[in-house]
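Need a 3D model of the sequence below.
(2 chains)
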Number of protein chains: 2
Amino acid sequence: MKKINGISSDLVVDDEHHAFSPSQSADRGHVSFLDKWILQRLLALLGNPAINVVLWNNEEITGSQAQPIARLLVRDRKSLYKLLRNPAVHFGDLYSTWRVEVEGDLVEFLEAINRGIRDSAGIRWLKKYLSWMWSRPRLNTLNGSKHNIHHHYDISNKFYEMWLDEEMQYTCAYFPDPTMTLEAAQLEKMDHVCRKLQLKPGDTVVEAGCGWGGLARHMAKHYGAFVRSYNISHEQITYARERARTEGLSDRVEYIEDDYRNISGTYDAFVSVGMLEHVGKKHYKELGEVIHRSLTDHGRGLIHSIGRNRAGSLNPWIEKRIFLGAHPPSLREMLDIFEPHNFSVLDVENLRMHYAKTLEHWLERYEAHIDEISKMFDPTFVRVWRLYLSGSTAAFMTTSLQLYQVTFARGADNTIPWNREHLYSHLD
Amino acid sequence: MKKINGISSDLVVDDEHHAFSPSQSADRGHVSFLDKWILQRLLALLGNPAINVVLWNNEEITGSQAQPIARLLVRDRKSLYKLLRNPAVHFGDLYSTWRVEVEGDLVEFLEAINRGIRDSAGIRWLKKYLSWMWSRPRLNTLNGSKHNIHHHYDISNKFYEMWLDEEMQYTCAYFPDPTMTLEAAQLEKMDHVCRKLQLKPGDTVVEAGCGWGGLARHMAKHYGAFVRSYNISHEQITYARERARTEGLSDRVEYIEDDYRNISGTYDAFVSVGMLEHVGKKHYKELGEVIHRSLTDHGRGLIHSIGRNRAGSLNPWIEKRIFLGAHPPSLREMLDIFEPHNFSVLDVENLRMHYAKTLEHWLERYEAHIDEISKMFDPTFVRVWRLYLSGSTAAFMTTSLQLYQVTFARGADNTIPWNREHLYSHLD
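Take a look at the predicted model:
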């Protein structure tokens, strides 16, 4: 079994993890009145969600009078206190190592918890305090970024192929109709982006962070654009180049294994889909500088990024185990990119619900391939990723996270689109 | 002749103002080498626009080698030095009192100056310094707002009727087709807003700042909504009520002569078109509080406002003579309204070019009624308003000003529109 990039190597898994059962662990310490009292207080702070907690002595603490949507099984007192001390940090690791278990739908469980946190003033205060205590952002220097990106994107192309669409889009899809397939919705997303950029044959495009290169190929194939795409993930670049070659697009698409800060040349369009999350807010002005020097006078730009209603940190467990150094910006934070160079924000679209839908598809495909995935990776990895995909779905459903597409142009440009009908005229 | 609200009462008009002619004023002081040198430096700082300056001795200073698009006639040294010291403050007053004159198209002249200011780092620095020295924002307390709004909106309904559309929309129109009439474009604007709010029959709407009440009537008549609109301009409210009565809408539209801070009740939609400019940035949090307490759980909101690419003050002359206490916010500043209550920004549309087009129509109608207007008001007033409409056109054309429509909903609302097709589906 493959242990990947430290995702599971520093998680200590209990011997009995494959057969978690609260009754087996009844000897893991007496359940005190204080244990129960603190737990009750926490459930009350969360607005008494329809969640029951089963302790290591099989005692069940009821969250609300309603039929529970899920039960949280806690294996020992140490795990309980870790959860109480800082759930955002510890829940993920405890879940990944079978020290807590969720009976029932994991996404619904996480949504209920998120809603409780969102709507509770007391928890908000606590969270602010804790996030201040615990936050220690990872650096996105040139070397830091390289390390952080390698950690996540160089796991294995084969792994991502199992649950992404055919074009390997690892970003929010666009579902004009929520019942359409993921494959169709990812093509729709790429078209939506190309329409926002008003791409036409012969346009030159520079892309910052290209994943497996799908958008660049789409722009070249369907819009006749010439695209130069930057990415620091070696595995992704290798895949992207090979695929452009087999699709006969190598003369129109160039993949460069380098940091966005090293982008050179000027282009008709700048595009970045799903990279800003990795840039780090300290570097937004630097990104703005790169865009400023890369765009022609009538150049168009689009940034697509996970974001937030107001500034805040990423869930610390996700930041620690999944996306090292990642930060989903608020719109206010994003303006650091545009303001210094007098860019005009022309259009902001919030596609939050589309990311929840995208993640539902990914999670479904992930579970459908669980046997193959379990053969490739150790069980902790499998569980980490299940929680990450479930938790992200819950975050978009409960509005902890947003998805912003921001279209912009130079302030002095009077050739900006007259309105947005061109985004929808293909529907006639 | 009517002297209105101090617009012209403290402007000293020279005796000879009706027959401005530089040759007549050749005795107004020797033109020194220093005068010319400073002027040349200023023109150079502005990037040598195609503007010539004619001094009081008839001497002509050339801005560039190109054929001049306009000539600026300066009547005496005092006016020149006022212009040099702080053009943003003094140009308007000097123009209004015939101490400077523009030969050629006033809008094109102002656009050339704006472009020079926008693209010159030296001028930007100077402007920053001057705006810091000169800015003294008017207070938008409850009484302050009343005074400031009275100054502009209670001039005379008859005056505004001469150059606004039939629905008396004194805000940016929406031109799906730039060649359509102003009348049609204002109806389109109201429909665009109603579609963004997803209005349906029976919906209740609260409007903050309703002008002459056109949008409220439109919502009631064409969308079956019940609308309560707040405004502190007595003349506008009187007009709005009378018109709702004659149109048989009094049972569906209620106009309240009161400040937006006194809004009560809860509603399916909150709308504010062209009021935020008068709120003052110190009061955005208060406005957010009002919206928060007024919206149902699935309520929608829309704010339509003049804005800027980045924070900055309104042209000080406009703020002094036209819009007392006004401030066009940057998107960053607008977020003060939404962030504290976890509102999700769903959609931002920038309609800058539409405001330039709207202003072109207003200016054309204004000039078409110049004889009637001249009979109603003194000549300085006529000139102040010509400059204000021309300067505003130039500001939108040269991107000093933007027009933002921001649609938002509560963060917890998962019934937000799936996409934006509903804004354009009527075009099928």
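
Which residues are in contact with the nearest residue to A:Asn231 once chain neighbours are set aside?
For A:Asn231, ignoring the flanking residues on the chain, the nearest one in space by C-beta to C-beta, 6 or more residues apart in numbering or on different chains is A:Cys210 at 4.8 Å. For every residue, glycine as well, the C-beta is placed using N, CA and C. Neighbouring residues of A:Cys210 by C-beta atoms under 8 Å, 6 or more residues apart in numbering or on different chains: A:Ala216, A:Ser229, A:Tyr230, A:Asn231, A:Gln236, A:Ala240, A:Tyr255.

Return the distance of A:Cys210 relative to chain B.
According to C-beta to the nearest C-beta, to the nearest Å, A:Cys210 and chain B sit 25 Å apart.

A strand includes that residue, no?
No. Counting by DSSP: H, G, I helix; E, B strand; the rest coil, A:Cys210 is not part of a strand but coil.

State the paired neighbours of the longest strand along chain A in the sheet, together with their directions.
Longest strand of chain A, by residue count under DSSP state E: strand A:295-307. In the sheet containing strand A:295-307, its partner strands are strand A:267-273 (parallel), strand A:402-410 (antiparallel), by DSSP bridges.

same question for the next helix or strand after it, mean pLDDT?
Once the chain leaves strand A:295-307, the next helix or strand it forms, by DSSP states H and E, is helix A:316-321. For helix A:316-321, mean pLDDT is 79.

Packing partners of helix A:316-321?
With contacts taken as 3 or more C-beta pairs under 8 Å, 6 or more residues apart in numbering or on different chains; DSSP states H and E, helix A:316-321 sits against helix A:87-96, helix A:379-397.

what about 6 Å?
With contacts taken as 3 or more C-beta pairs under 6 Å, 6 or more residues apart in numbering or on different chains; DSSP states H and E, helix A:316-321 sits against helix A:87-96.

got the buried residues for whichever helix or strand comes after the helix it packs on?
Once the chain leaves helix A:87-96, the next helix or strand it forms, by DSSP H and E, is strand A:100-104. Across strand A:100-104, burial judged by 16 or more other C-beta atoms under 10 Å in any protein chain shown covers A:Val100, A:Glu101, A:Val102, A:Gly104.

on that earlier part again, name the member of the contacts of A:Cys210 with the most neighbours.
Of all the contacts of A:Cys210, the highest neighbour tally under other C-beta atoms under 10 Å in any protein chain shown goes to A:Ala216, namely 29 neighbours.

In terms of helix, strand or coil, where does it fall?
Strictly by three-state DSSP, A:Ala216 counts as helix.

And for A:Asn140?
Assignment for A:Asn140 (three-state DSSP): coil.

In this structure it contacts A:Glu277, no?
No. Using C-beta atoms under 6 Å, A:Asn140 is not in contact with A:Glu277; the gap is 10.7 Å.

So for these two, which sits in the more crowded spot?
Neighbour comparison, A:Asn140 and A:Glu277: the larger count goes to A:Asn140, with 25 against 19 (by other C-beta under 10 Å).

Contact partners for the more buried one?
By C-beta atoms under 6 Å, 6 or more residues apart in numbering or on different chains, the residues touching A:Asn140 are A:Gly280, A:His283, A:Gly325.

separation between the residue nearest to A:Asp413 when sequence neighbours are not counted and A:Trp37?
Nearest residue to A:Asp413, sequence neighbours excluded (C-beta to C-beta, 6+ apart): A:His298, at 5.5 Å. A:His298 sits 66 Å away from A:Trp37, going by C-beta to C-beta, to the nearest Å.

Tell me which of the contacts of A:Cys210 fall in helices.
A:Ala216, A:Gln236, A:Ala240 (DSSP state H).

tell me the contacts of the last one?
If I follow you right, that is A:Ala240. A:Ala240 is in contact with A:Trp212, A:Gly213, A:Tyr255, counting by C-beta under 6 Å, 6+ apart.

Quick one: name the residues of the stretch 151-300 of chain A near chain B.
Residues of the stretch 151-300 of chain A that fall close to chain B, judged by C-beta under 6 Å from any C-beta of the partner chain: A:Pro176.
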